[in-house]
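> model this:
(chains A and B)
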Amino acid sequence: MSVTRGDNDDSTSWPTGFAWARALCLAALGLATEAEANTSNGYNLPLGVTSLSRDIYALHMEVFWICVGIAVVVFGVMIYALLKFRHSKGAVPDTTLLHSTGVEVIWTVIPVVILVVMAIPAAKVILMMEDTRNSELSIRVTAYQWKWQYQYMDAAEGVDFFSTLARDSNFARQLHSGIDPKTVPNYLLEVDNPLVIPSGTKVRLLLTSQDVIHAWWVPDFGAKRSAIPGFVNELWFKVDPGKEGIYRGQCAALCGRDHGFMPIVVDVRTPEDFKKWVETQKAALKQAAARDGRPPGAAPLASLPRDSAPPPAAQVLSN
Amino acid sequence: MAQPQASDTAHHDDHAQDHHDQPATGIKRWLFATNHKDIGTMYLVFSLTMFFIGGAMAMVIRAELFQPGMQLVDPVFFNQMTTNHALVMIFGAVMPAFVGLANWMVPLQIGAPDMALPRMNNFSFWILPFAFTLMLSTLFVPGGMGAGGWTLYPPLSLQTGDAFPMMIFAIHMMGASSIMGAINVIVTIMNMRAPGMNLLKMPLFCWSWLITAYLLIAVMPVLAGAVTMLLTDHFFGTSFFNAAGGGDPVMFEHIFWFFGHPEVYIMILPAFGIISEILPTFSRKPLFGATSMIYAIASIAFLSFIVWGHHMFADGMPVAAQLFYMMSTMLIAVPTGVKVFNWTATMWRGSLTFEPPMLFALAFLFLFTIGGFSGLMLAIVPADFQYNQTYFVVAHFHYVLVPGAVFGIMAGVYYWLPKWTGHMYNMTLAKTHFWLSAVFVNVLFFPQHFLGLAGMPRRIPDYAVQFTDWNMVSSIGGFVFGLSQILFVIVIVQCARGGKKATAEVWEGTHPAGLEWTLPSPAPYHSFSTAPDVK
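Now for the predicted structure:
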């Protein structure tokens, strides 16, 4: 259904005639409001799976409806004037109507009041989203042209891998590839090694970049922040328990040739499954170190296999 | 005012004797032009040419985005197109069009014989073709055109090939041209108004340009400074923006947007002025709240200097700064709202007719307001984190720039064209141009709101398949919108060649705020050789 969801669901077949027609009708009626849980419906923000994404969605809809309200009044008056005061209907201009202090004060004060009404809840959300204290898992995210590196800290210290565009998407996206993107599962939104995080846990990302400015964005988490060389930006999210699954996003800052081809995939698991995953990763790290005769942690570019088969792309990276 | 009046009049008389009454012939007329009308015409023709070049780039973008997968161009070329589409449209199409309109109309509206500084006027125009030849020629240098976005953020922009110094030099030239144009407008308005035309009696178009000119003088040097720092970072080993050398890439964004946000208003304030001339004419009643309109423009101009941070929320900013930029940005909605309400009140109890300039002005009124709504949504910081860098932003700024600035320019051209040429134009063709433009501009840009909200980042050459439908709709809208602009050229060329004679008032319902309607159509080569008296 969306950029951000759909682990092996039918997301590639999304544009069915029905969904398209529905979107058009709702859009025409200005009713693009009904978001399905944790996904975008193709024409509105996703409700998402974090408290932050829900707060953002609520603010978005609040401001949207205020704008619709103002539009109905203002456009209503304009359209009434356009229909009523036509020269062709013999309308005579009232050239004495030059200004009116009373009216002008009213239409200055009312917008100020509306703006204050919008600003107060927005300010509360800002304070909440900037509060990165008491995080339970920190992950260093380093952006490169054109891939992401995830280095875990805290309980998963030592787990460290790169995440790049999946091979089938990469083949299909070449100029004149002849491959129909619709036949590629999660075209441009699949990676070799997804970021794995536990649900119900306050995860803090520490973002930086090795080359140009990138931006890490997963719409379902309401989380976007630039990765800037020489800076460490902070970002947090806490995925609701019970919302485990795959969530997708993309780099959101123009970063050169392959800006469109460095997706983000987050695999949210239960804390227990996450713990198991970390143990597998650490064991694999140890094994690799023993094989290469290096102590664990000395191979910063170590590729870490996903649960079953190690993807070949990751092997290339480790060299 | 009494003192300057007397000397002004004397000065005008001197001028009249200096000049020949007829324009020079051939290429000399244009190369050595000092006449405000000739220079205005050159600006407008140049701007129209750039509009089609920038538009052709947009067609490449929309063609590649017609369906998922890479069919037509390489991602680098795609980035070159987005970058140069923006630079050409902003610096080549919109800004020169407004300078062209100012050249034509400011002297006519205030009762002056010409612009105050005619030779500088010539220079400021003739820089432009060279600047754009330089910038567009980068298509043929190793590495191709700049592809780092028109915002030129380092370190990405520093990866540009041989095009880099050419692009920066071109931007310097465009900036110099804009500053000269702005100085000319200010000097003309301050010194050459007809006796009796005090500032509060001055037409709104001149007012909006006066304020715009100050914005230009304030911020173009800032842009020049920013790109010069990029240049020294690239070639002379400085580290203004290089983190590894102790520099700060975010500082560039601050400097750039300190220029960039007033720049947004540089591109819309003169359109506000044009709309404020057209709505009263075709409502057959004076502008409602003319004084508060002037204060509103001035407030917007002031606020435009303190909101730049709203372009950079996602780059990380202290909470206090986020709150400040959110509130100051939202405040802009107040004077903008005042303008929209005043325009609506101007039509109220009027007697409306719907000639092409009025149609474009009405489309401006509705569609610019939609762009204002999405701007208000973008001001809400938490929501901005979701909208920022997506197609929602693309939809927003195209709504304020295309049905805003560009429709404002077209409205102005259709309004004053008979005054310039002395002929009425083909109304049916102009109305066809209007309806095609007004319908397909929405087909082009409205679906981009949905794309952005559904999660499509901007500046990407290829996308996930769930974005296919709206991209197709948008591309079709783009193609038809682009093609229908050819009608605009046909109407103008036909009108320049001949047609029904236009009267001095041109439009039946004119309420002559400006003095242009007191002159015959076409306006004589030298506008007011003696200053008219304004009651």
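
> Quick check, pLDDT for residue B:513.
For residue B:513, the model assigns a pLDDT of 69.

> so where's the stretch 151-300 of chain A uncertain?
A:294-300 (pLDDT under 70).

> Show me the strands in it, by range?
A:160-163, A:195-198, A:203-209, A:214-218, A:223-227, A:233-237, A:245-250, A:263-269 (DSSP state E, counting those that start in this stretch).

> Of these, flag the one that's most buried.
strand A:214-218 (a mean of 28; mean count of other CB atoms under 10 Å in any protein chain shown). (C-beta placed from N, C-alpha, C; glycine too.)

> Show residues contacting that one.
Residues from elsewhere that reach strand A:214-218, judged by CB atoms under 8 Å, 6 or more residues apart in numbering or on different chains: A:4, A:141, A:143, A:148, A:205, A:207, A:223-227, A:235, A:237, A:247-253, A:255, A:262, A:264, A:266, B:314, B:389, B:457.

> Contacts for stretch B:76-87 next, please.
Against stretch B:76-87 from outside (CB under 8 Å, 6+ apart): A:254, A:256-257, A:259, B:54, B:57-58, B:60-61, B:64, B:73, B:135-136, B:139, B:144-150, B:167, B:171, B:459, B:461.

> rerun at 7 Å
Contact with stretch B:76-87 is made by A:257, B:54, B:57-58, B:60-61, B:64, B:135, B:144-150, B:459, B:461, as judged by CB atoms under 7 Å, 6 or more residues apart in numbering or on different chains.

> Using PDB, write out every CA atom in it.
The C-alpha coordinates for stretch B:76-87 follow below in PDB (Å, rounded to 0.1, in the frame of the first residue of the first chain):
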ATOM      1  CA  VAL B  76      23.100  13.000 -13.400                       C
ATOM      2  CA  PHE B  77      21.500  14.700 -16.400                       C
ATOM      3  CA  PHE B  78      18.200  14.600 -14.500                       C
ATOM      4  CA  ASN B  79      19.800  16.500 -11.600                       C
ATOM      5  CA  GLN B  80      21.300  18.900 -14.100                       C
ATOM      6  CA  MET B  81      17.800  19.600 -15.400                       C
ATOM      7  CA  THR B  82      16.200  20.200 -11.900                       C
ATOM      8  CA  THR B  83      19.100  22.500 -10.900                       C
ATOM      9  CA  ASN B  84      19.100  24.600 -14.100                       C
ATOM     10  CA  HIS B  85      15.300  24.600 -14.500                       C
ATOM     11  CA  ALA B  86      15.200  26.400 -11.100                       C
ATOM     12  CA  LEU B  87      18.100  28.800 -11.900                       C
END
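
> how near is residue B:418 to chain A?
19 Å (CB to the nearest CB, to the nearest Å).

> what sits against that residue?
Residue B:418 neighbours (CB under 7 Å, 6+ apart): B:424-425, B:502, B:506, B:521.

> Could you tell me the model confidence score at it?
Looking at residue B:418, the pLDDT reads 96.

> got it, and residue A:43?
88.

> check which helix or strand covers it.
Per DSSP states H and E, residue A:43 falls between elements, in no helix or strand.

> Next, count neighbours for the residue found closest to it once you drop the neighbours it is linked to in the chain.
Excluding the flanking residues, the one nearest residue A:43 by CB to CB, 6 or more residues apart in numbering or on different chains is residue B:450, at 3.7 Å. Other residues lying near residue B:450 total 26 when counted by other CB atoms under 10 Å in any protein chain shown.
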